[in-house]
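A.B. asks: here is a sequence together with a model predicted from it:
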Amino acid sequence: MSAGNWAGGYVTDVSYTAGYYVEQSPHLLALSAAVSGAVTDVGEHIDDLVYVELGCGRGMNALIQAVANPGWQVVAVDFTPAAIAEARALAREVGIDNVTFVEADLATLAEDPAAALIPEADVVSLHGVWSWVPMEVRAGIVRLLKAKVKPGGLVHLSYNALPALQNVLGMQRVMREAGLRLAERSDRQAVAGLAVVRDLVAGDALNLRNHPVGELLQRLEGLPHEYLAHEYMNGTWAPVFHADVAGALAEAKLDFIGSARPPENFPDLMMTEPQRKVYDRFEDRLMQELVKDLCSGRGLRHDIFARGHRPLSPAGRARAMMDMTLALTVAPEKFIYSLTLPAGQATLNAPFYGTVVEALAGGPRAVGELVGLPGLDGAQRDPTELVAMLVGTGQAIMLPRPTALADARTRRFNRLVGQRAMQGGRIDAPAAVAVPRLGGGLGCRAVDVFLMDRMAEAGGAVDPDIWIAELGAATTAEDHARLRARLTELAQERAPLWRRLGML
Ligand SMILES: C[S@@+](CC[C@H](N)C(=O)[O-])C[C@H]1O[C@@H](n2cnc3c(N)ncnc32)[C@H](O)[C@@H]1O
């Protein structure tokens with residue numbers, strides 16, 4: 001593949017990874033918006049929502065939203081033909097008829113006849129697009145949002161943020177410039193450029209000494225090379241201040257609501273007391289977010305905007321939480337009470353959360369039931385904090401359709417996704433499954449998808465020898481024994497969650 005002029009400098013010679021990011025889920029966006037004190041219409045459209053994704057890559061998120069929410073209309077756009085063709089092929093093979101993939105350039109789509117293919121949306125999501133594309137593409141996105149977001153609709157927009165990534169500017173520039181000189185294809189350029197960065201770090205280059213370059217370099221170790229290419233080899237990558245994004249989206253009548261990550265909406269969790277005092281001196285959101293970003297290491301923001309901010313009263317917010325059903329994602333004995341937050345270390349109140357976790361160990365429960373449990377300290381019964389902490393730490397998950405079961409289409413989709421994820425022979429490759437009870441996806445490993453599928457077929461039975469034969473992954477007796485132990489342990493560990501999610 002070669003990068004033609006149509007790409008405007010964006011990396012197109014290697015495909016991006018096919019990931020699922022929970023922040024793109026309208027159910028989570030609605031929850032986070034409610035935590036931030038904003039009314040949304042997502043609950044009213046739980047069975048007929050119109051969801052649009054811009055810059056959908058290989059379509060994993062759009063496909064999962066469509067599979068897990070059969071009543072929704074999902075439309076996803078990207079300008080890379082190979083990515084659109086791959087997504088359409090998967091939709092066809094599984095028989096997903098409520099998703100449409102559109103190949104179009106966001107710089108000009110608003111004025112293109114193809115804009116007629118984009119419906120008025122309840123929710124629009126853009127993940128990993130804004131800070132990677134040129135200014136004319138950002139301007140085109142704003143015009144499209146102006147034309148296509150319903151009054152009251154939500155927009156989720158993630159982007160690399162300043163000032164957290166100010167020290168990464170030099171790192172990315174040298175990585176790209178060196179890569180362009182040392183290799184041909186963008187994934188190889190990224191690897192070659194990264195090696196130069198590491199050499200400079202080893203040589204104690206002054207401008208690579210600072211936070212967060214060190215941690216970032218560690219995190220990038222072992223990540224797929226195509227991911228590195230799309231992250232760092234674009235000539236137009238530019239982290240931005242929240243105020244500038246909010247200013248641009250205001251042109252589309254979009255108001256900033258809060259973060260798609262629930263805990264980020266609690267100033268006390270994001271800032272120390274002296275920092276909080278500065279924050280409290282200002283009432284406007286732009287200034288508050290600037291103070292928050294100065295105090296935290298948020299290099300990737302997941303902002304939620306609404307076409308018209310409608311405030312939700314504290315009582316309305318509590319009511320919105322009470323009917324929500326939560327399920328534990330971890331074994332009760334593995335629940336972690338101590339948290340590392342931008343504001344410092346925090347510990348969840350053990351008697352309170354312990355009682356809640358014990359109740360959830362028995363199966364999914366409504367928040368209203370949880371806060372009404374006998375023996376709880378009255379002062380701790382704030383349902384919003386409870387939901388934000390449980391969901392925000394990933395130790396519980398929200399079930400918007402608490403009784404839905406995986407249908408044949410969901411199983412077909414998950415099986416294919418698992419097979420594709422495992423194609424490189426890596427059973428630990430990142431993957432995701434569609435889960436109707438979640439109205440979205442569950443991030444996992446390729447091996448989890450395989451085990452979930454086989455166990456569902458076998459009525460929950462655990463049969464590691466058959467699985468190993470099928471995987472063809474063990475060549476020696478030692479390999480076989482190791483894999484047998486690993487698969488058995490994984491199956492036992494994961495099965496309770498999969499049952500709670502209606503997948504087994
Ligand atoms: C970093 S990837 C993120 C993909 C996907 N949202 C994800 O998170 O997996 C950015 C995507 O934006 C697409 N893109 C970049 N510029 C675009 C443009 N002008 N019009 C449409 N899509 C574009 C790329 O093809 C790529 O798939």
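C.D. replies: Cool, the structure landed.

A.B. asks: where does the stretch 51-200 of the chain come near the ligand, residue by residue?
C.D. replies: Residues of the stretch 51-200 of the chain lying close to the ligand by Cβ under 6 Å from any ligand atom are 55-57, 78-80, 83, 105-107, 127-129, 132-133, 137. Every residue, glycine included, has its C-beta placed from N, CA and C.

A.B. asks: secondary structure class for Val137?
C.D. replies: Under DSSP: H, G, I helix; E, B strand; the rest coil, Val137 falls in the helix class.

A.B. asks: what residues does it make contact with?
C.D. replies: Contact analysis of Val137 by Cβ atoms under 8 Å, 6 or more residues apart in numbering lists Gly8, Asp105, Leu106, Ala107.

A.B. asks: need the contact partners of stretch 307-321.
C.D. replies: 34-35, 37-39, 43, 149-155, 252-257, 367, 382-384, 386-387.

A.B. asks: among the residues you listed, which lie within strands?
C.D. replies: Val149, Lys150, Pro151, Gly152, Gly153, Leu154, Val155, Asp255, Phe256, Ile257 (DSSP state E).

A.B. asks: what's the local residue count around the closest residue to the second one other than its chain neighbours?
C.D. replies: Read it as Lys150. Once flanking residues are discounted, Lys150 sits nearest to Glu120: 5.1 Å by Cβ to Cβ, 6 or more residues apart in numbering. Using other Cβ atoms under 10 Å, Glu120 has 12 other residues around it.

A.B. asks: where does Glu120 land on pLDDT?
C.D. replies: Here, the pLDDT recorded for Glu120 equals 98.

A.B. asks: isn't it up against Tyr51?
C.D. replies: No: the pair Glu120 / Tyr51 is not scored as a contact, 11.6 Å apart, by Cβ atoms under 8 Å.

A.B. asks: count the neighbours of the residue nearest to Ala7 when sequence neighbours are not counted for me.
C.D. replies: Of all residues not flanking Ala7 in the chain, Phe79 sits nearest, at 7.4 Å (Cβ to Cβ, 6+ apart). Applying other Cβ under 10 Å, we find 22 residues neighbouring Phe79.

A.B. asks: likewise Arg276?
C.D. replies: Arg276 has 16 nearby residues by other Cβ under 10 Å.

A.B. asks: could you do Trp498 as well?
C.D. replies: Trp498 - counted by other Cβ under 10 Å - has 22 other residues nearby.

A.B. asks: tell me which element it is part of?
C.D. replies: Using DSSP states H and E, Trp498 sits in helix 477-500.

A.B. asks: list the buried residues of that helix.
C.D. replies: His480, Leu483, Leu487, Leu490, Ala491, Arg494, Ala495, Pro496, Leu497, Trp498, Arg500 (16 or more other Cβ atoms under 10 Å).

A.B. asks: packing partners for that helix?
C.D. replies: strand 325-328, helix 446-457, helix 464-471 (3 or more Cβ pairs under 8 Å, 6 or more residues apart in numbering; DSSP states H and E).

A.B. asks: and if we set it to 6 Å?
C.D. replies: helix 464-471 (3 or more Cβ pairs under 6 Å, 6 or more residues apart in numbering; DSSP states H and E).

A.B. asks: pLDDT value on the closest residue to the ligand within the stretch 301-450 of the chain, please?
C.D. replies: The ligand sits closest to Ala432 of the stretch 301-450 of the chain, with a gap of 10.9 Å, by Cβ to the nearest ligand atom. You'll see Ala432 listed with a pLDDT of 95.

A.B. asks: my guess is it contacts Tyr20. True?
C.D. replies: Yes: if you go by Cβ atoms under 6 Å, Ala432 and Tyr20 touch, sitting 3.5 Å apart.

A.B. asks: those two: who's more crowded?
C.D. replies: Ala432 (26 against 23).

A.B. asks: give me the beta-bridge partners of the more buried one?
C.D. replies: Gly443 (DSSP bridges).

A.B. asks: over to His302?
C.D. replies: The partner residues for His302, given DSSP bridges, come to Ser158.

A.B. asks: wait, it sits on Asn160?
C.D. replies: No: at 11.4 Å, His302 does not count as touching Asn160 under the criterion of Cβ under 6 Å.

A.B. asks: one step back: pull out the buried residues from the contacts of stretch 307-321.
C.D. replies: By 16+ other Cβ under 10 Å, these give 34-35, 37-39, 43, 149-150, 152-155, 252, 254-257, 367, 383-384, 386-387 as buried.

A.B. asks: ok, back up a step: of the contacts of Val137 - the most surrounded one?
C.D. replies: Most surrounded of these: other Cβ under 10 Å gives Leu106, at 23 neighbours.

A.B. asks: ok, and the closest non-adjacent residue to Arg285?
C.D. replies: Per Cβ to Cβ, 6+ apart, closest to Arg285 is Phe256, 5.5 Å.

A.B. asks: give me phi/psi at the residue nearest to Lys150?
C.D. replies: phi -70, psi 130 (degrees, to the nearest 10).

A.B. asks: returning to that earlier point: which ones among the residues of the stretch 51-200 of the chain next to the ligand lie within helices?
C.D. replies: Secondary structure assignment by DSSP state H places Ala83, Val137 of these in helices.

A.B. asks: ok, of the residues of the stretch 51-200 of the chain next to the ligand, which one's closest to Phe335?
C.D. replies: His127 (28.9 Å; Cβ to Cβ).

A.B. asks: give the contact list for that closest one.
C.D. replies: Tyr21, Gln24, Ser158 (Cβ atoms under 6 Å, 6 or more residues apart in numbering).

A.B. asks: at 10 Å what do you get?
C.D. replies: 19-21, 23-24, 53-57, 61, 156-159, 260, 300, 302 (Cβ atoms under 10 Å, 6 or more residues apart in numbering).

A.B. asks: I am finished for the moment; much appreciated.
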